[in-house]
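[1] I'd like to go over a predicted model; first the sequence, then the structure.
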Amino acid sequence: MQPGQVGRDYDFFVRQLKTYNILVRIVRGKPRDPLEKDISLERVEDFTSKLERGISQMNYHGQAVYPMSDLITARELVGRRIQLKLLRENQFQIPCYAAISWASSRATAT
């Protein structure tokens, strides 16, 4: 993301695309695109802060079209903060075992 890109990206998603569901995820590992290897956590934080301000100022709806939208939006806000904290401290978040559990339950059910 280039300098000044945060505002342009936010405007595109919120004002032009008018999306309700902006998810910000950083995945560790080996991305296929070499440009995705060097990411600025400060710019990610700027973008997520802009999303938070947009929600609090009612410029961005968050998950407003879904049932229990306040809970979903709150989870996204907290999740973003936790993700940035873990990345800054070079910690590891536990992997999600939901897909593994689902697949193994399907295999034993047949």
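    Sure thing, it's come through. Numbers count the residues shown, from 1 in each chain.
[2] Report the rounded mean pLDDT for the helix or strand where residue 46 lies.
    Assigned by DSSP states H and E, residue 46 belongs to helix 41-56. Throughout helix 41-56, pLDDT has a mean value of 84.
[3] continuing past that helix, what's the next helix or strand?
    Next helix or strand after helix 41-56 toward the C-terminus (DSSP H and E): helix 69-88.
[4] What is that following helix packed up against?
    Helix 69-88 sits against helix 41-56, with contacts defined as 3 or more CB pairs under 8 Å, 6 or more residues apart in numbering; DSSP states H and E. The way it works is simple: take the backbone N, C-alpha and C, and place the C-beta from them, glycine included.
[5] quick one, the helix it packs on and helix 69-88 angle?
    With axes from the mean of the first three to the mean of the last three CA atoms, to 10 degrees defining the directions, helix 41-56 sits at 170 degrees from helix 69-88.
[6] Name all residues that make contact with the residue positioned nearest the centre of the chain.
    Residue closest to the mean C-alpha point of the chain, counted by CA atoms, centre = their mean, is residue 24 at 2.1 Å. Listed by CB atoms under 8 Å, 6 or more residues apart in numbering, the contact set of residue 24 reads 44, 47, 48, 51, 80, 83.
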